[in-house]
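**Q** The sequence and its predicted three-dimensional model are supplied below.
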Amino acid sequence: MKNQSLVNLFDLYDHAFNEVCNDLGIIDIPSWQERWLYRFLLINPVLTYYPYILFKEEFVTTEEGLEDQRRIKNLYEKGRVIKDPHYSSQLETSLAGRIADFLNPLTSENFSEWWFKYARNRIRDNSDVQHFLLNRYCGEWELSDSDQYRKWKKFNEEELHDIYKLMNNNHLTIVIPSYGNKKNLLRQINQILDKYHRESTYTVETKTQESTVKDCFRVLEYMIVNPQANQDLLELASKANVLKISRAGINNISEDSKNSVRAGVSRLIKMALEIMEASSYGFFPTKGNWQDDGLEPGVKLIMRDYFKLVSPSLIKDIKLSLGDYKKFKDQIRIDINKLKN
């Protein structure tokens, strides 16, 4: 399996993962969309060049937050993430940062940790509505002290910390008057939910099939390892094992069929990069239904230079991190059991 595509290894990994979860009685397992979101993020250079804030002055005081900071610092030291004066600066105001901060596979040791410790809760468990009251201390200071914001912030520090965590988990923040016509308020709330609420935070229901996503990944992987591959689309189709080609081989099909294969591979490359770009903002597997409102050019810049920024060694490193496919079940069981301790 040394020279096999990562897609083949991922298929074996998924089979082993499902078997281990079944053996352990775990039913809350990731969908194929959630698994492939993780894998596209593994080869997404936005996460490599995003300018991480290692030490935030406020709110990041939990042990989990400190652990994430240590891991990011270690990734910088290893060169797995890079502060580049060109690309990183273009990402400073990027909405892609929410993925870099909260669903970043680089800060997890393996897929099991990413899913069970981080992604599962952040993708699925965002449904609780919570009530916060931020004005209970106002009467103590609002008339006697000119430094109102500082005192307001101090008095509401706990509530602000909780709101901050919820917003980072993509809760929808709505300010609701505590008085007025209840029927009218509910109508307005429903209008907001209809516009902004999604059943899933990160995965998007589309007509894109898993087989198409796999072919997109195969194309990206082959082009990463073979930088000149796009100069011969027929060879790319054959070597990357995408599209259906006659058993007689690529050289024995008609010229019209060859042109059809070339067009099909071009579409796959375009789709793969569009899916990759959307995944930077947390939408998967989709080519649309997302936007960054023109706040920054960073993600588009990185997608334009994608094959310059992703090294062939990355594919090798991912394969090494997966380990021996014959031992997938044993390793996955160890990874899951570690999370229980």
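**A** Thanks, I have it.
**Q** Do a quick rundown of the helices in the stretch 51-200 of the chain.
**A** Using DSSP state H, counting those that start in this stretch, the helices found in the stretch 51-200 of the chain span residues 63-78, 87-90, 97-102, 111-113, 120-124, 138-141, 148-155, 157-168, 182-196.
**Q** what's the closest of those helices to Lys319?
**A** Lys319 lies closest, by C-beta to C-beta, to one member of the helices of the stretch 51-200 of the chain: helix 111-113, at 13.7 Å. Any C-beta I mention is one placed from the backbone N, CA and C, and that applies to glycine too.
**Q** any weak-confidence spans in the stretch 51-200 of the chain?
**A** 54-62, 64-65, 124-128, 135-146, 165-170, 197-200 (pLDDT under 70).
**Q** still on that earlier bit, make TSV out of the helices of the stretch 51-200 of the chain and add distance to Leu220 and mean neighbour count.
**A** Output for the helices of the stretch 51-200 of the chain, formatted as TSV (distance: least, C-beta to C-beta, whole Å; neighbours: other C-beta atoms under 10 Å):
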stretch	distance to Leu220	mean neighbour count
helix 63-78	22	13
helix 87-90	19	18
helix 97-102	18	20
helix 111-113	19	20
helix 120-124	23	17
helix 138-141	54	12
helix 148-155	46	13
helix 157-168	29	14
helix 182-196	31	10
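**Q** Verify the contact between Ile123 and Glu34 for me.
**A** Yes - the criterion here is C-beta atoms under 8 Å, and Ile123 meets it with Glu34 at 6.5 Å.
**Q** still on that earlier bit, mind putting the helices of the stretch 51-200 of the chain into CSV with distance to Leu42?
**A** Output for the helices of the stretch 51-200 of the chain, formatted as CSV (distance: least, C-beta to C-beta, whole Å):
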stretch, distance to Leu42
helix 63-78, 13
helix 87-90, 18
helix 97-102, 12
helix 111-113, 9
helix 120-124, 17
helix 138-141, 48
helix 148-155, 39
helix 157-168, 22
helix 182-196, 29
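**Q** of the ones you listed, which approaches Val7 most closely?
**A** Within the helices of the stretch 51-200 of the chain, the stretch nearest Val7 is helix 111-113; the backing value is 14.7 Å (C-beta to C-beta).
**Q** Quick one: list the elements packing against that closest one.
**A** helix 6-24, helix 328-340 (3 or more C-beta pairs under 8 Å, 6 or more residues apart in numbering; DSSP states H and E).
**Q** so which of the helices of the stretch 51-200 of the chain gets nearest Gln331?
**A** That would be, of the helices of the stretch 51-200 of the chain and by C-beta to C-beta, helix 111-113, which comes in at 9.1 Å.
**Q** what does that closest one contact?
**A** 13, 17, 35, 38, 105, 332, 335-336, 338-339 (C-beta atoms under 8 Å, 6 or more residues apart in numbering).
**Q** Show me the two of the residues you listed that sit farthest apart.
**A** Spanning the widest gap among those are Arg35 and Lys338, at 19.7 Å by C-beta to C-beta.
**Q** okay, the two: which has more neighbours?
**A** More crowded of Arg35 and Lys338, by other C-beta atoms under 10 Å: Arg35, with 19 against 13.
**Q** name the element the more buried one belongs to?
**A** Secondary structure from DSSP states H and E places Arg35 in helix 32-42.
**Q** doesn't Ile176 make contact with Leu185?
**A** Yes - here Leu185 lies in contact with Ile176, judged by C-beta under 8 Å, at a distance of 6.3 Å.
**Q** what helices or strands is the helix holding Arg35 leaning on?
**A** Partner elements for helix 32-42 (3+ C-beta pairs under 8 Å, 6+ apart): helix 6-24, helix 210-225, helix 255-279.
**Q** could you give the angle of it to helix 255-279?
**A** 90 degrees (axes from the mean of the first three to the mean of the last three C-alpha atoms, to 10 degrees).
**Q** Export helix 32-42 to PDB, keeping only CA atoms.
**A** In PDB, the C-alpha atoms belonging to helix 32-42 read as follows (Å, rounded to 0.1, in the frame of the first residue of the first chain):
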ATOM      1  CA  TRP A  32     -18.800  10.900   5.200                       C
ATOM      2  CA  GLN A  33     -19.000  14.700   4.800                       C
ATOM      3  CA  GLU A  34     -17.500  15.300   8.200                       C
ATOM      4  CA  ARG A  35     -14.700  12.800   7.500                       C
ATOM      5  CA  TRP A  36     -13.800  14.400   4.200                       C
ATOM      6  CA  LEU A  37     -14.000  17.900   5.700                       C
ATOM      7  CA  TYR A  38     -11.200  16.800   8.000                       C
ATOM      8  CA  ARG A  39      -9.200  15.400   5.100                       C
ATOM      9  CA  PHE A  40      -9.600  18.500   2.900                       C
ATOM     10  CA  LEU A  41      -8.500  20.600   5.800                       C
ATOM     11  CA  LEU A  42      -5.400  18.500   6.200                       C
END
